[in-house]
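# only geometry, no sequence info:
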């Protein structure tokens, strides 16, 4: 998982935006390293958020925004009556299944952004009260929005993980690097 985006690593704007998004995804993925399903679903702080719920949420949000940019409906429809369900695992969902789904979503995001004719291509914002009416945004805006959304939740994930067992982001980076050097799969739970 990316822990630092090197300026020369991707050289192009699309690559840089996707690398920064991957970096923030990595922060959330590292926050769940070595946790049991029970730990990942627990809510150890004053917040209602859990790490498993955050993984589910960021995957759904990313998929939904990319679907909107493609002019397609989201895989999961959320509204005022069920929006909170994206923060909790449903019956039959596991942390591993949500991580795998997010990996698929990330690959689809990368393919979509890389294949777009231009980052200046636009799509309409949702007709929600917190967005300006009848406004369109660019694919560049989409990338920046996904980076912002994921980074916000990566910070939440850091706090939740530290509340769970005292492990900090720096310790988890070292743990991930050690697992990678030892030949282990850093994403396997």
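Happy to help now that I have it. Keep in mind the model is a prediction, meaning the values are calculated, not measured.

# please report how far residue 129 lies from residue 80.
The spacing between residue 129 and residue 80, counted by CB to CB, to the nearest Å, is 11 Å. All C-beta spots, glycine's among them, are computed from the backbone N, C-alpha and C.

# list phi and psi for the residue lying closest to residue 127 once chain neighbours are set aside.
The shortest distance from residue 127 to any residue other than its chain neighbours is 7.0 Å, reached at residue 133 (CB to CB, 6 or more residues apart in numbering). Dihedral pair for residue 133: phi -70, psi 140, per degrees, to the nearest 10.

# can you list the buried residues in stretch 106-113?
Across stretch 106-113, burial judged by 16 or more other CB atoms under 10 Å covers 106, 109-110, 113.

# what is the nearest of the residues you listed to residue 162?
Each of the buried residues of stretch 106-113 was scored against residue 162 by CB to CB, and residue 106 proved nearest at 24.9 Å.

# can you find the helix or strand in the chain with the smallest mean pLDDT?
Considering only helices and strands, the least confidently modelled element of the chain by mean pLDDT, DSSP states H and E is helix 7-10, at a mean of 54.

# what residues of stretch 93-100 count as buried?
95-96, 98-99.

# pLDDT on it, on average?
Model confidence over stretch 93-100 averages 96 on the pLDDT scale.

# and stretch 115-128, by the same measure?
Computed over stretch 115-128, the mean pLDDT rounds to 94.

# run through the protein and note the low-pLDDT ranges.
For the chain, residues meeting the criterion pLDDT under 70 lie at 1-11, 79, 81-82, 182-189.

# which residues of it fall in strands?
Assigned strands in the chain, in chain order: 122-124, 136-138 (criterion: DSSP state E).

# and those: which comes nearest residue 180?
The minimum distance between residue 180 and the strands of the chain falls on strand 136-138, with 35.4 Å, by CB to CB.

# now do the contacts for the closest residue to residue 149 other than its chain neighbours.
Nearest-residue entry for residue 149: residue 61, 5.9 Å, with adjacent residues in sequence omitted and distances by CB to CB, 6+ apart. Applying CB atoms under 8 Å, 6 or more residues apart in numbering to residue 61 gives the contacts 86, 146, 149.

# separation between the first one and residue 63?
In this view, residue 86 and residue 63 are 11 Å apart by CB to CB.

# and if you look at the last one?
As judged by CB to CB, residue 149 and residue 63 stand 12 Å apart.

# do the second one as well
Distance of residue 146 to residue 63, computed by CB to CB: 11 Å.

# higher neighbour count, these two?
Here residue 146 and residue 63 are set side by side on neighbour count (other CB atoms under 10 Å), and the busier one is residue 146, at 24 against 21.
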